[in-house]
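S.K.: Okay, predicted coordinates and the sequence, questions at the end:
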Amino acid sequence: MSTVPDAERTQPLPDLARARSHLTAAQSRRFGGIRWGSAFFGWVIAMTMTALFLALAGVAGTALGLVGPALDPAALLTTGIASAVVLLVAVLAGYYCGGYVAGRMARFAGARQGVAVWLWTLLLAVVAAVAAALTGALPNLPLDELFRFPMSGGVLSAGAAALVVGLLVVTLVGAVLGGLAGMRYHRRVDRDLVAPAPVAED
């Protein structure tokens, strides 16, 4: 005859659920900081995917006749604005991918991993700018050709500044959203371990 009370036979699964919940919380406290290695590889993916999206956008624009030297003056302003919008969308998508990779690799604190991807961008941009300035290789970017705006210098400078600010905001938002999405995958796995989905019987 079993000496285990009947009530205790239903305890293992709830105990497992509580243990899993406590374990996840403990892991989050222990490993919930920024993982700079994961963020670096997220940054690599972000830059790669941004370049890919921009290349695809360029190919599509060329195929549609939207990119090329034979643009009438009336279309210059519209083309410049459209190019800026495409750039921001491509950067947002690219950094979302990078944040997702960092969040998946780090498992916890997805938003922090996304911020770390963004910080890697700032750090490496500063390092590249300093290195270029010291070696005299800092390029003189033709912003009027980049935006294709027949503008005065003041308006062009304002447009360039707005684009830089937009890029900073878009990269941060995309990386954070991607990091949260990458972390959410692990939370779904944890919930499935606690309460496995029922298996359909044949």
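M.R.: Received the coordinates, thanks. Residues are numbered from 1 along each chain as shown.
S.K.: what's the neighbour count on Arg187?
M.R.: 13 (other C-beta atoms under 10 Å). Glycine gets a C-beta too; all of them are placed from N, C-alpha and C.
S.K.: which residues in this protein form helices?
M.R.: 12-31, 36-63, 76-106, 110-135, 143-147, 153-194 (DSSP state H).
S.K.: and Met49, what does it touch?
M.R.: Counting by C-beta atoms under 8 Å, 6 or more residues apart in numbering, Met49 touches 93-94, 97-98.
S.K.: and with 10 Å instead?
M.R.: 90-91, 93-98, 100-101 (C-beta atoms under 10 Å, 6 or more residues apart in numbering).
S.K.: before we move on, back to that, and among the helices of the chain, the most buried is which?
M.R.: Across the helices of the chain, averaging neighbours per residue (mean count of other C-beta atoms under 10 Å) puts helix 76-106 on top, at a mean of 21.
S.K.: relative orientation of it and helix 153-194 in degrees?
M.R.: 30 degrees (axes from the mean of the first three to the mean of the last three C-alpha atoms, to 10 degrees).
S.K.: Can you name every helix or strand that helix 76-106 contacts?
M.R.: If you count contacts as 3 or more C-beta pairs under 10 Å, 6 or more residues apart in numbering; DSSP states H and E, helix 76-106 packs onto helix 36-63, helix 110-135, helix 143-147, helix 153-194.
S.K.: before we move on, the earlier item: least reliable of the helices of the chain going by mean pLDDT?
M.R.: Here the lowest mean pLDDT among the helices of the chain goes to helix 143-147, at a mean of 44.
S.K.: circling back: present the helices and strands packed on helix 76-106 as a markdown table; the columns should include distance to Val86.
M.R.: Output for the helices and strands packed on helix 76-106, formatted as a markdown table (distance: least, C-beta to C-beta, whole Å):
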| stretch | distance to Val86 |
| --- | --- |
| helix 36-63 | 5 |
| helix 110-135 | 19 |
| helix 143-147 | 13 |
| helix 153-194 | 12 |
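S.K.: Ala84 is nearest to which of these?
M.R.: Nearest to Ala84 among those is helix 153-194; the distance by C-beta to C-beta comes to 5.8 Å.
S.K.: now for that closest one, which elements pack on it?
M.R.: Against helix 153-194 (3+ C-beta pairs under 10 Å, 6+ apart) you get helix 12-31, helix 36-63, helix 76-106, helix 110-135, helix 143-147.
S.K.: related to what we said a few turns ago, make JSON lines from the contacts of Met49 and add distance to Thr50 to it.
M.R.: Shown next, in JSON lines, are these (distance: C-beta to C-beta, whole Å):
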{"residue": "Ala90", "distance to Thr50": "6"}
{"residue": "Val91", "distance to Thr50": "5"}
{"residue": "Ala93", "distance to Thr50": "8"}
{"residue": "Gly94", "distance to Thr50": "3"}
{"residue": "Tyr95", "distance to Thr50": "7"}
{"residue": "Tyr96", "distance to Thr50": "10"}
{"residue": "Cys97", "distance to Thr50": "8"}
{"residue": "Gly98", "distance to Thr50": "8"}
{"residue": "Tyr100", "distance to Thr50": "14"}
{"residue": "Val101", "distance to Thr50": "13"}
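S.K.: Nothing else from me, thank you.
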